[in-house]
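# The amino acid sequence is not available; the structure is as follows:
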């Protein structure tokens, strides 16, 4: 199947071939606007995608970018507008997964939309969304293991779960029945991969050397030891 990371078009069954080319060019332009990190560019990206959304509701490349454009604007708008954008972005990201469940970007931005929704939900729903966020990020990294943004998000999630107080964990268990397991070691493993990706080899080596000193006991430890050796070879 065609990877969603490519900008090659999925056929739209439109009689005029130039429409397909124009959509590709628009998506490239939207990616450039996304990289500008300013409100004007991101609003422009949202407007461009809005203009083609109705005609391309089965095109996963349009859909995940449209969801991203909603979330990109959250820090630039009022609280009311941010809430509206969050839930709209969530719905569109979910639509992207329905269009192509094998698109890592669709799962990534659906996960980020779930994370943004947590702000507006009650405690029980927040815990449920936390489970779903991790599931979506795991699926995204399964489909695209080189997406170091996702690796960073998983690392942060592991750290936040591992650092919950006993009272917080107990409250979560009472509300939802269980908690996703995570350790500080898991968080560190994901974040080390980010250091390597960013070529921050000094920090990466520091943590990898510490990881090597951990006793190897279980099969999981042996696998981790191999991963540490592999990462050290890149530093």
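Received it, and whenever you're ready, just let me know what you need. What you see is a predicted model, and the numbers here were worked out from it, not measured in a lab. Numbers count the residues shown, from 1 in each chain.
# can you map out the helices along the protein?
17-34, 39-53, 60-72, 79-99, 104-117, 123-143, 148-162, 166-176, 184-197, 201-212, 219-232 (DSSP state H).
# any low-confidence regions in the chain?
1-21, 158-201, 203-232, 234-235 (pLDDT under 70).
# how does it look with 50?
Flagging of the chain using pLDDT under 50 yields the residue ranges 1-2, 7-12, 14-21, 215-218, 221.
# which residues sit in contact with residue 153?
111, 112, 115, 137 (CB atoms under 8 Å, 6 or more residues apart in numbering). (Each C-beta comes from the backbone N, C-alpha and C, glycine too.)
# and with 6 Å instead?
residue 137 (CB atoms under 6 Å, 6 or more residues apart in numbering).
# And the contacts of stretch 80-89?
67, 70, 71, 73, 74, 113, 116, 117, 120.
# Weed out the non-buried ones from those residues.
Buried members of these, scored by 16 or more other CB atoms under 10 Å, are 67, 70, 71, 73, 74, 113, 116, 117.
# Turn these into a markdown table, columns for distance to residue 24.
Output for the buried ones among the contacts of stretch 80-89, formatted as a markdown table (distance: CB to CB, whole Å):
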| residue | distance to residue 24 |
| --- | --- |
| 67 | 19 |
| 70 | 21 |
| 71 | 23 |
| 73 | 24 |
| 74 | 27 |
| 113 | 25 |
| 116 | 28 |
| 117 | 31 |
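# tell me the two of these that are most distant?
The distance between the two most remote of those (CB to CB) is 15.3 Å, for 73 and 117.
# Tell me who's in contact with residue 65.
With CB under 6 Å, 6+ apart, residue 65 has these contacts: 30, 49.
# between the buried ones among the contacts of stretch 80-89, which is nearest residue 92?
Nearest member of these to residue 92, counting by CB to CB, is residue 67, at 4.3 Å.
# Would you agree that closest one is in contact with residue 109?
Yes. Counting by CB atoms under 6 Å, residue 67 does reach residue 109; the two are 4.7 Å apart.
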